[in-house]
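Chemist: Sequence and predicted structure below; questions after.
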Amino acid sequence: MRHRWLRPVVLVVTASAVLAACGGAPGDAGDAGDRGHEPGQGLPIPDVSTTSRAATPPPGDLAASGPGDAPPLWMGPFDDVPRAGGGMFVGLVFPADDEADLSITGVAADGTTRWAVRTNPSCVGYGLTRVADTPAAVVLASDADNREGKVATRTSANAFDVRDGSRLWGPTPVPGPMVGPGLIFGKNTPSIVGGQQGERVMLAASSGAPVTPPSGDAVAVYEHHGTGLFSEDGVLTAIDTTTAEVRWSSATVSPPSRSGHSGGKYRVELLDAASASTGDVVALRWTPEDGGRDGGGEGDDDSGAETVLHDLRTGAVIATLGDQPEPRTIVDAGKGTVVVSGLDRFRTTLAFDLGTGKRLWRDDSSLDLTLAHAGTAYGTRAGRSVAVDVRTGKTVADGEWAVPVAAENGVLVAPLPQPQERQARVTERTEGSGPGYVAHEQR
């Protein structure tokens with residue numbers, strides 16, 4: 001079984017090692033929040049290559065069929081799990097030595113490499129967004145020099161069209177690396193353990209301009225495609241990052257239906273779980289300030305809390321999950337479905353209609369789904385790879401194939417098969433030492 005919840009533990013150490021190089025020095029006064037939106041200004045800018053390269057065919061002896069026995073189509077150049085959007089796969093290609101740059105590379109669904117943005121090797125953070133109606137990749141650049149041990153004093157964010165690598169906005173000054181989720185950037189913590197959180201700046205997807213919080217002490221906690229979520233004193237506020245217009249607030253959204261709680265005030269926070277929120281679906285934790293329902297856990301500060309899925313754009317409730325601290329959501333927007341795994345101590349998976357909130361199906365066989373695309377969700381059950389229909393929960397394929405990690409335009413990208421003793425570590429990779437990626441046609 002693929003234990004995806006192990007991955008963040010590995011990433012904490014790796015990310016902390018590189019943030020000091022990519023982020024500005026702690027206490028540096030020249031932040032995006034201080035200077036406003038100042039494109040240019042001598043900021044570091046990544047280099048862009050738009051030289052096209054043909055797809056790399058899979059080795060002739062590669063016996064790696066995908067779901068539904070689909071044969072391999074092409075090999076991906078990526079050194080870590082790619083992301084998909086705008087008909088493209090975008091991922092990291094690590095430098096071959098200390099003298100080379102890191103590349104964020106765009107590969108079309110036919111395997112053709114369309115572009116590569118070269119940047120400082122310390123700036124591994126990147127993200128996908130939309131600039132108006134254009135799918136975009138946001139890439140960092142800094143003036144750090146790994147060869148001389150120089151820590152960055154200036155860091156910039158830059159947006160590129162994922163289809164051809166053309167620049168859309170930037171460079172925009174940011175106070176440090178992309179901390180996410182979405183276009184949120186922050187300063188480094190002084191240490192891995194016990195460090196204080198520094199400034200966090202959200203950028204508008206439409207322009208790269210810093211977003212003004214709805215109030216002075218509000219902290220940016222989530223952003224997706226132009227909607228930003230801010231937290232202050234147990235209240236969440238969603239705004240349009242282009243216009244700064246408030247979309248909704250947890251103070252005005254109806255609290256979840258509860259048994260044993262007749263009303264009162266709630267503290268509402270974005271659920272602190274790596275995969276709880278996805279895209280325009282956010283998992284919020286509603287905790288009654290009066291201690292919750294009768295019979296709650298003794299001495300439990302989170303007694304009576306409910307996890308609720310909301311539409312990020314409107315605040316509308318999609319589903320109330322109960323006291324579930326570690327849900328993992330995947331969304332198939334085309335099919336109007338959200339699938340939630342990791343419930344009831346990883347035994348239960350539920351699916352809901354995005355528009356009506358109606359529950360579509362339930363599975364209690366420890367089904368763990370991690371990717372949805374074009375009506376099919378992929379994951380594992382009892383150690384075997386499975387594909388299920390997102391609307392019905394019906395199994396459409398199972399086997400020993402590698403579970404896809406990205407999908408776009410009917411193409412699935414999965415890690416290459418590994419020797420038996422390493423299969424459990426496929427999702428723990430944080431370096432470019434393998435296993436590589438292969439594409440299959442979705443069937």
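Modeler: Structure received. All values derive from a computational prediction rather than experimental measurement. Numbers count the residues shown, from 1 in each chain.
Chemist: got any ranges where the stretch 251-400 of the chain has weak pLDDT?
Modeler: By pLDDT under 70, the low-scoring segments of the stretch 251-400 of the chain are 258-263, 291-303.
Chemist: Show me the strands in it, by range?
Modeler: Along the stretch 251-400 of the chain, the segments classed as strands by DSSP state E, counting those that start in this stretch run 266-270, 281-288, 306-311, 317-322, 328-332, 337-343, 348-353, 359-363, 368-373, 376-381, 384-389, 395-399.
Chemist: mind putting those in TSV, distance to residue 233 included?
Modeler: Yep, even glycine has a C-beta here, placed from its N, CA and C like the rest. TSV is the format used below for the strands of the stretch 251-400 of the chain (distance: least, Cβ to Cβ, whole Å):
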stretch	distance to residue 233
strand 266-270	8
strand 281-288	13
strand 306-311	19
strand 317-322	22
strand 328-332	26
strand 337-343	28
strand 348-353	30
strand 359-363	33
strand 368-373	35
strand 376-381	37
strand 384-389	41
strand 395-399	46
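Chemist: ranges for the helices of the protein?
Modeler: Shown for the chain, the helices assigned by DSSP state H span residues 7-22, 32-35.
Chemist: about what we covered before: I'd like to know which of the strands of the stretch 251-400 of the chain is closest to residue 145.
Modeler: Of all those, strand 266-270 sits nearest to residue 145, with 36.0 Å by Cβ to Cβ.
Chemist: tilt between that closest one and strand 281-288?
Modeler: Interaxial angle, strand 266-270 versus strand 281-288 (axes from the mean of the first three to the mean of the last three Cα atoms, to 10 degrees): 150 degrees.
Chemist: Which residues does strand 266-270 contact?
Modeler: Under the contact criterion Cβ atoms under 8 Å, 6 or more residues apart in numbering, strand 266-270 has outside partners 221-222, 229, 231, 234-236, 250, 255, 277, 282-289.
Chemist: and with 10 Å instead?
Modeler: 181, 221-222, 229-231, 233-236, 249-251, 253, 255-256, 258, 276-277, 282-290, 292, 302, 304-306, 308, 310 (Cβ atoms under 10 Å, 6 or more residues apart in numbering).
Chemist: Residue 240: which of the strands of the stretch 251-400 of the chain is closest?
Modeler: strand 306-311 (14.1 Å).
Chemist: Just the angle for that closest one relative to strand 266-270, thanks.
Modeler: Note on geometry: by the same axes, to 10 degrees, strand 306-311 and strand 266-270 are set 60 degrees apart in direction.
Chemist: Strand 306-311 pairs with which strands, and in what direction?
Modeler: Using DSSP bridges, the strands paired with strand 306-311 in its sheet are strand 281-288 (antiparallel), strand 317-322 (antiparallel).
Chemist: and stretch 323-339, how far apart are its ends?
Modeler: Taking Cα to Cα, to the nearest Å, stretch 323-339 runs 17 Å from one end to the other.
Chemist: Just the buried positions in that stretch, please.
Modeler: For stretch 323-339, the neighbour count (16 or more other Cβ atoms under 10 Å) marks 323-324, 326-332, 335, 337-339 as buried.
Chemist: same thing with stretch 382-389?
Modeler: Buried positions in stretch 382-389, judged by neighbour count with 16+ other Cβ under 10 Å: 385, 386, 387, 388, 389.
Chemist: Find the pair from those with maximum spatial separation.
Modeler: 385 and 389 (15.5 Å).
Chemist: how much space between residue 218 and residue 233?
Modeler: Distance, residue 218 to residue 233, by Cβ to Cβ, to the nearest Å: 9 Å.
Chemist: Which one's more surrounded, those two?
Modeler: Between residue 218 and residue 233, residue 218 has the larger neighbour count (other Cβ atoms under 10 Å), namely 19 against 8.
Chemist: Got the confidence number for that one?
Modeler: Among the per-residue scores, residue 218 holds a pLDDT of 96.
Chemist: ditto for the one 5 residues further on
Modeler: The predicted local distance difference test score for residue 223 is 98.
Chemist: Likewise for residue 20?
Modeler: For residue 20, pLDDT reads 42.
Chemist: could the strands paired with strand 306-311 go into CSV alongside distance to residue 47 and mean neighbour count?
Modeler: Listed next are the strands paired with strand 306-311 as CSV, based on distance: least, Cβ to Cβ, whole Å; neighbours: other Cβ atoms under 10 Å:
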stretch, distance to residue 47, mean neighbour count
strand 281-288, 36, 23
strand 317-322, 42, 19
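Chemist: For those, give me JSON lines that also has distance to residue 111.
Modeler: Output for these, formatted as JSON lines (distance: least, Cβ to Cβ, whole Å):
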{"stretch": "strand 281-288", "distance to residue 111": "31"}
{"stretch": "strand 317-322", "distance to residue 111": "36"}
